[in-house]
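S.K.: fold the following, please.
(one chain, ligands or ions: 2)
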Amino acid sequence: MSNVILTINPGSTSTKMAVYRGVTCLFQHTGSHPTTELKTFPSIIAQYDYRTNFIKTKLAEENLVLSDLDAVVGRGGLLAPMASGTYTINEQMLADLRTATYGEHASNLGALMAHRISELHSIPAFIVDPVVVDELQPIARISGHARIERKSIFHALNHKAAGRKVAKRIGVAYEQKNWVIAHLGGGISVGAHRNGRVIDVNNALDGDGPFSPERSGGLPMMQTVALADELSSAAFYRQLVGQGGVVSYLGTNDLRVVEQRVIAGEMAANVVFEAMAYQVSKEIGACAVVLDGEVDGVILTGGLANSALFTAMISKKCQWLAPIYIEPGEDELEALNEGAQRVLNGDEQAKTYEGGRLDGE
Ligand SMILES: Nc1ncnc2c1ncn2[C@@H]1O[C@H](COP(=O)(O)OP(=O)(O)O)[C@@H](O)[C@H]1O
Ligand SMILES: CCCC(=O)OP(=O)(O)O
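M.R.: Ligands and ions are numbered 1, 2, ... in the order given. As a prediction, this is how the structure comes out:
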């Protein structure tokens, strides 16, 4: 069946949307959100109208009649940990997102925006493989302090989509091989995939792993504690997520701008650019150890994988590990569409989100 589906993907530095008829993309648009604009919002939820207006404008420009849609699917945000799959957007999910029970990230807006449109037209709304898909092996949950547990928060949707795409291209099954997959976007996550399960991954949001265009990643602990003492908790969090990483050094979250500055010979830009590639490479090495060195391929994906300069730096350091595959950008819109189409076509049943207990409850 050729269902018409609107897909919505809010990321930390962009909002992407596309409309599909079956597997055919009818149109796709990306709105980039510079740091200067995002800084003006006190919270992620406050960006709802700003990002929704982008979607509305593009749908109007494309003359899409909303009543033509069969379903809407949004990127899944910070919710209780859950298994991979397609989930019906329900009241529990919306409540957890509205109150940011599990934290704040742009992906929280995916289900809220999808729900609003679905409600207007009484059509189903879903999320697929949210950022809280949790397949960690037990040992990976141990942080180093009994009161702090490592969590699985990463670009699950694109990790799985890029893995399947590369596997298909080289004629193997994603689930039968081991991969290290690095999503290089506004946030960065590097995961160890063993036979289709992400058994370890850095938390892309919360001070773990490499720094990224807008996040600090892991930081030296005592200096970080001293910074926390100077600031309110909201301001401190913003320093780590949103105004950390490349933004903190160079004032931009746009690697295209940084790349131009590197090419123009700016030393400061060069150091930061190289350091980010260096930290990503170290994380890839760590994941190779998680997989006992049995790595069938390293996949570099996400917006930064468009930069040949950036991927060349990582490839140079990691090529001894396994073949490197570059899958620039992300297939998140396509993966959202596929997840929703599978449910509408009856190939899969949508799962139900039930929420969960928070630590300490
Ligand atoms: N052609 C390109 N060359 C270099 N960097 C790029 C290119 N296209 C996008 N980027 C960078 O990728 C990052 C955004 O990646 P993306 O995966 O879209 O992230 P998000 O979904 O978190 O917004 C930005 O820093 C952007 O500047
Ligand atoms: C919250 C984990 C996913 C993530 O970091 O996404 P963005 O890179 O889009 O911010």
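
S.K.: which SS class is residue 27?
M.R.: Following DSSP: H, G, I helix; E, B strand; the rest coil, residue 27 is assigned to strand.

S.K.: what segments of the stretch 101-250 of the chain are strands?
M.R.: Ranges of strands in the stretch 101-250 of the chain, per DSSP state E, counting those that start in this stretch, are 125-128, 142-145, 148-149, 178-184, 188-194, 197-201.

S.K.: how about those, which one is nearest residue 61?
M.R.: Shortest distance between residue 61 and the strands of the stretch 101-250 of the chain, using C-beta to C-beta, is found for strand 125-128: 22.7 Å. The way it works is simple: take the backbone N, C-alpha and C, and place the C-beta from them, glycine included.

S.K.: who are the neighbours of the closest one, in terms of helices and strands?
M.R.: Strand 125-128 sits against strand 71-75, strand 86-88, helix 108-121, helix 332-344, with contacts defined as 3 or more C-beta pairs under 8 Å, 6 or more residues apart in numbering; DSSP states H and E.

S.K.: mind listing what's buried along the second one?
M.R.: By that I understand strand 86-88. Of the residues in strand 86-88, 86-87 count as buried by neighbour count, 16 or more other C-beta atoms under 10 Å.

S.K.: give me the mean pLDDT for the very next helix or strand once past it.
M.R.: Beyond strand 86-88 in the direction of the C-terminus, DSSP states H and E gives the next helix or strand as helix 91-98. The average pLDDT within helix 91-98 is 96.

S.K.: output helix 91-98 as PDB - backbone C-alpha positions only.
M.R.: In PDB, the C-alpha atoms belonging to helix 91-98 read as follows (Å, rounded to 0.1, in the frame of the first residue of the first chain):
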ATOM      1  CA  GLU A  91      -0.800  10.200  26.600                       C
ATOM      2  CA  GLN A  92       1.900   8.800  28.900                       C
ATOM      3  CA  MET A  93       4.600   9.600  26.300                       C
ATOM      4  CA  LEU A  94       3.300  13.100  25.800                       C
ATOM      5  CA  ALA A  95       3.200  13.800  29.500                       C
ATOM      6  CA  ASP A  96       6.800  12.600  30.000                       C
ATOM      7  CA  LEU A  97       7.900  14.800  27.100                       C
ATOM      8  CA  ARG A  98       6.000  17.900  28.200                       C
END
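
S.K.: quick one: contacts of it?
M.R.: 45, 77-80, 87, 101-102, 108, 111-112, 115, 127, 353-355 (C-beta atoms under 8 Å, 6 or more residues apart in numbering).

S.K.: so among those residues, which ones count as buried?
M.R.: 77-80, 87, 102, 108, 111-112, 115, 127, 353.

S.K.: run through the residues of the stretch 251-361 of the chain sitting next to ligand 1.
M.R.: For the stretch 251-361 of the chain, the residues in contact with ligand 1 (C-beta under 6 Å from any ligand atom) are 253-256, 259, 302-304, 306-307, 330.

S.K.: which of those sit farthest apart?
M.R.: Taking C-beta to C-beta, no two of these sit farther apart than 259 and 330, at 18.5 Å.

S.K.: between the two, which is the more surrounded one?
M.R.: Between residue 259 and residue 330, counted using other C-beta atoms under 10 Å, residue 330 has the larger neighbour count: 24 against 18.

S.K.: pretty sure that one is touching residue 162, no?
M.R.: Yes: counting by C-beta atoms under 8 Å, residue 330 touches residue 162, with 7.3 Å between them.

S.K.: what residues do these two have in common as contacts?
M.R.: The contact sets of residue 330 and residue 162 overlap at 183, 301 (C-beta under 8 Å, 6+ apart).

S.K.: residues touching residue 282, list them.
M.R.: residue 210.

S.K.: that one and residue 19: what is the separation?
M.R.: According to C-beta to C-beta, to the nearest Å, residue 282 stands 40 Å off from residue 19.

S.K.: one more: residue 147?
M.R.: 46 Å.

S.K.: can you pick out the residue with more neighbours from those two?
M.R.: residue 19 (23 against 7).
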